[in-house]
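**Q** heads up, no residue letters with this:
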Ligand SMILES: Nc1ncnc2c1ncn2[C@@H]1O[C@H](COP(=O)(O)OP(=O)(O)OP(=O)(O)O)[C@@H](O)[C@H]1O
Ligand SMILES: [Mg+2]
């Protein structure tokens, strides 16, 4: 009675592999009456396939070695039991007379283990995201500091430069007036000295070169100002991190400026911007997504200079943007894993494997979606959609109105 109450299966097989005992549980596990099992050879019960699978365990247990292994056992209704199977040798006077089978259904445990595993993975992902956002926050602070420090001096250099240009214009004006007056100098010695001096300093060349130098320098200062602006953009929104209606094109351009040093030697950027409305987002984070994508795209280029194409558009109540490259592409087995935290194919020190997982998290937070298509050897496209308006903010606004 006792063994028939046990939900595990219990049986005894003798040396000749004939069943001598089986409990009731065989009925629910295999749909077989245990009384019919008595006297049955084990090969008949298990069937050819399962017998072959268990053969080595059977041989070992008959050699006197206890066996413990896991098996997925198919029930009569097709259900699966994940089981822990135990073969225990029946030894008497040093002789193995047969063996006992004890198998327990551990599906629930297995399920719990799987859930735990998923939870651990999820936790790891969150932690990675946290580390990354921490990193971002300190980069943001540093950027803000640097931007602030550079902003002032570059401001007066820029403004002085304008004034200097203006003054130089006046100098040139008066210089040409002097030049014109040169012919009317009556003292030949003075005239000759002037002519000599003009030639010695190469005045004609200076008149040509100075405006050009000014032009180039002005361009350089303009670039510095742009970088500083990008840094400020990046850090300002990063520190406040508030949802705001954002011009996505500006956001992308900022990211491109920040990532410029990573891209410029590898690829050209082509933009196909559509007409899109402002998007409610966390601009610094979208910035980060774009940066991760374009840097990855640049890193996917080989020896040949490549092309990164950025497109934007709108569809219903969503805007989308895509980053395409004609780089290495991603093989299918890698493609499955690219959003995993710490998954990287780059050498140690080059990639942390966080870029895409963090981007994924950010897009998720925006209730958007991120998709990827890739042709190995042909290139990769990441496609991101974002809702134009965030439901949460709408609800908050309505609440505030009420
Ligand atoms: N555009 C792309 N072309 C080819 N492979 C890519 C591309 N984008 C991502 N990958 C692959 O996905 C992996 C994961 O990318 P992810 O940005 O998450 O990490 P990483 O670039 O390796 O490191 P990190 O971004 O932290 O510096 C990369 O190592 C690379 O194998
Ligand atoms: Mg990356």
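**A** Yep, that arrived. Computed from a prediction, not measured in an experiment: that's the story for all the values here. Ligands and ions are numbered 1, 2, ... in the order given.
**Q** three-state assignment of residue 348?
**A** Residue 348 falls in the coil class when you classify it by DSSP: H, G, I helix; E, B strand; the rest coil.
**Q** how much space separates it from residue 342?
**A** According to C-beta to C-beta, to the nearest Å, residue 348 and residue 342 sit 12 Å apart. To be clear about C-beta, it is placed using only N, CA and C from the backbone, and glycine gets the same treatment.
**Q** and these two? which has more neighbours close in?
**A** Counted by other C-beta atoms under 10 Å, residue 348 and residue 342 do not tie: residue 342 has more neighbours, with 12 against 7.
**Q** pretty sure that one sits against residue 351.
**A** No: the pair residue 342 and residue 351 fails to qualify as a contact (C-beta atoms under 8 Å) at a distance of 9.5 Å.
**Q** residues contacting stretch 363-374, please?
**A** Applying C-beta atoms under 8 Å, 6 or more residues apart in numbering, the contact partners of stretch 363-374 are 281-282, 285-286, 289, 318, 329-330, 335, 338-339, 359-360, 380-387, 390-391.
**Q** switch to 6 Å and redo it
**A** The contact list for stretch 363-374 (C-beta atoms under 6 Å, 6 or more residues apart in numbering) reads 281, 329-330, 335, 360, 380-387.
**Q** for stretch 82-90, same thing?
**A** For stretch 82-90, the surrounding residues in contact (C-beta under 6 Å, 6+ apart) are 57, 61, 64, 66-73, 96-100, 102-107, 110.
**Q** for the nearest residue in space to residue 272 that is not next to it in sequence, pull up the helix or strand it's in.
**A** Nearest non-adjacent residue to residue 272, counting by C-beta to C-beta, 6 or more residues apart in numbering: residue 311, 4.5 Å away. Here residue 311 sits within strand 306-315, counting by DSSP states H and E.
**Q** and that strand, how far from the chain's centre?
**A** Put simply, strand 306-315 sits 18 Å off its chain's centre (C-alpha atoms, centre = their mean, to the nearest Å).
**Q** in it, what counts as buried?
**A** Residues of strand 306-315 classed as buried: 306, 308-312, 314 (neighbour count, 16 or more other C-beta atoms under 10 Å).
**Q** report all helices and strands that that strand contacts.
**A** Packed against strand 306-315 by the contact rule (3 or more C-beta pairs under 6 Å, 6 or more residues apart in numbering; DSSP states H and E) you find strand 267-272, strand 318-325.
**Q** tell me the mean pLDDT for the host helix or strand of residue 86?
**A** Assessed by DSSP H and E, residue 86 sits inside strand 80-92. Taken as a whole, strand 80-92 has a mean pLDDT of 95.
**Q** tell me the strands beside it, with direction?
**A** Strand 80-92 has its sheet partners listed here by DSSP bridges as strand 67-74 (antiparallel), strand 95-105 (antiparallel).
**Q** what residues sit buried inside it?
**A** Neighbour counts over strand 80-92 (16+ other C-beta under 10 Å) mark 81-87, 89-90 as buried.
**Q** just want the most central residue of this structure.
**A** residue 356 (0.5 Å; C-alpha atoms, centre = their mean).
**Q** got a pLDDT number for that residue?
**A** 88.
**Q** quick one: low-confidence parts of this structure?
**A** Of all residues in the chain, those with pLDDT under 70 make up the ranges 132-140, 230-241, 349.
**Q** please, where are all the strands along it?
**A** With DSSP state E applied, the chain shows strands at 9-14, 19-22, 67-74, 80-92, 95-105, 244-246, 267-272, 279-281, 306-315, 318-325, 369-375, 379-387, listed in chain order.
**Q** who's in contact with the last one?
**A** Looking back up the chat, that one is strand 379-387. For strand 379-387, contacts defined as C-beta under 6 Å, 6+ apart pick out 279, 293, 318-327, 329-330, 363, 366-374.
**Q** rerun at 7 Å
**A** For strand 379-387, contacts defined as C-beta atoms under 7 Å, 6 or more residues apart in numbering pick out 279, 281, 289, 293, 300, 317-327, 329-330, 363, 366-374.
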